[in-house]
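Undergrad: Pasting a predicted model and its sequence here:
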Amino acid sequence: MEIDYRIDPPLSNGVLSPLYSAAWPHHDPAYDFSAELSHALAVVCAYHGDALVGFARVAWDGGIHAFLLEPTVHPDFQHRGIGRSLVQRAADVARERGCEWFHVDFEPSLQPFYDACGFRHTPAGLIRLR
């Protein structure tokens, strides 16, 4: 199966929403991604033909810290290395754009995936604001 990876391709809600609806059970199909996309350091997408099958967003602090957000792979394409490839490409583009640190937050059940991507476990803090 051939997967084409692209950095910062043009994206719209109409392209992202079907992927998120398939991969995230509580996704609101009317959600507007435009603010997140406009503030991203980069986005990395995986395509099978013309279909978007994977997506990862890199946010940043304007300095040396980049943050991996919501790496998403369509359920029909999971467990084929696409997620790890998205994360590696996201780390590469963050490095190329001047970042020194690449952060990620995740649920404990995803620890094996992030370990396989090269992240090391560190303690962190979190405040739920809403």
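TA: Looks like it arrived, so ask away. Numbers count the residues shown, from 1 in each chain.
Undergrad: Centre-most residue in the protein?
TA: residue 56 (1.9 Å; CA atoms, centre = their mean).
Undergrad: Report the buried residues of the host helix or strand of it.
TA: Applying DSSP states H and E as the criterion places residue 56 in strand 51-60. Buried residues in strand 51-60, counted by 16 or more other CB atoms under 10 Å: 52, 53, 54, 55, 56, 57, 58, 59, 60. (Glycine included, C-beta is placed from N, CA and C.)
Undergrad: tell me the contacts of the residue nearest to the centre of the chain?
TA: Counting by CB atoms under 8 Å, 6 or more residues apart in numbering, residue 56 touches 43, 44, 68, 69, 70, 71, 72, 86, 87, 89, 90.
Undergrad: Can you tell me the SS state at residue 92?
TA: State at residue 92, reduced to three classes by DSSP: H, G, I helix; E, B strand; the rest coil: helix.
Undergrad: Can you show me the helices along this protein?
TA: 13-23, 34-39, 82-96, 111-116 (DSSP state H).
Undergrad: Give me whichever of those is most buried.
TA: When these are scored by mean count of other CB atoms under 10 Å, the highest mean neighbour count falls to helix 82-96 (a mean of 19).
Undergrad: And that helix, what does it pack against?
TA: Under the contact criterion of 3 or more CB pairs under 8 Å, 6 or more residues apart in numbering; DSSP states H and E, helix 82-96 touches strand 4-7, strand 42-48, strand 51-60, strand 65-73, strand 101-103, helix 111-116.
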